[in-house]
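S.K.: Take a look and give me a structure for this.
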Amino acid sequence: MKRLLWIAMGVLAWTVTAAEPPAAVTATPTGVPVLQGSPGRPGRTRARHRDLNELRADIAAEKIPLAEELAKWEDQLIQARRRLDQTQRAADSSAIEMAGLKSEQKSREDELSYIGNLLDEYIRNCETKTSVSELQR
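M.R.: Modelled structure (predicted):
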């Protein structure tokens, strides 16, 4: 596409620099100046139009492959974004799950500690209620 733009700019520069010499100015009987074109002008104009039409055809021909390539890259971008979203969701859900598991582990540890304290207290109460004669030596 850049190549075509450079070609178009070159053709435009060529048409500006290759312009004909100024047209002859003649005076009419009323004294109003009138420009008269050179005899080679219609041929040059047709050639320039032909060049311009060829350039437009080249641009149109290159637009289709570029549009297809752009569509392909956009599809790849969409797929990559989907994969990224899925990965982020998986990471987020695993982080939430990990937090849930840690809190469950903490509650289980607290339960074990509570049960251990209850057993210790029960044993102490049993020892104080038994007489000395009942204790084994």
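S.K.: Give me the secondary structure label for the residue nearest to the spatial centre of the chain.
M.R.: For the chain, the residue sitting closest to the mean C-alpha position, by C-alpha atoms, centre = their mean, is Leu77 at 6.4 Å. In terms of secondary structure, Leu77 is helix; the call rests on DSSP: H, G, I helix; E, B strand; the rest coil.
S.K.: For it, give its distance to Arg83.
M.R.: Counting by C-beta to C-beta, to the nearest Å, the gap between Leu77 and Arg83 amounts to 11 Å. All C-beta spots, glycine's among them, are computed from the backbone N, C-alpha and C.
S.K.: for the helix or strand encompassing Asn117, what is the average pLDDT?
M.R.: For Asn117, the host element (DSSP states H and E) is helix 41-129. Averaged across helix 41-129, the pLDDT comes to 93.
S.K.: How far off centre is it?
M.R.: Per C-alpha atoms, centre = their mean, to the nearest Å, the displacement of helix 41-129 from the mean C-alpha position of its chain is 13 Å.
S.K.: In what element of secondary structure is Gly10 found?
M.R.: Element membership of Gly10, judged by DSSP H and E, is helix 2-17.
S.K.: So for that helix, mean pLDDT?
M.R.: Model confidence over helix 2-17 averages 68 on the pLDDT scale.
S.K.: quick revisit: for the residue nearest to the centre of the chain, list the residues it contacts.
M.R.: Contacts of Leu77 were listed using C-beta atoms under 8 Å, 6 or more residues apart in numbering, and none were found.
S.K.: gap between it and Leu66?
M.R.: If you measure Leu77 against Leu66 using C-beta to C-beta, the figure is 16 Å.
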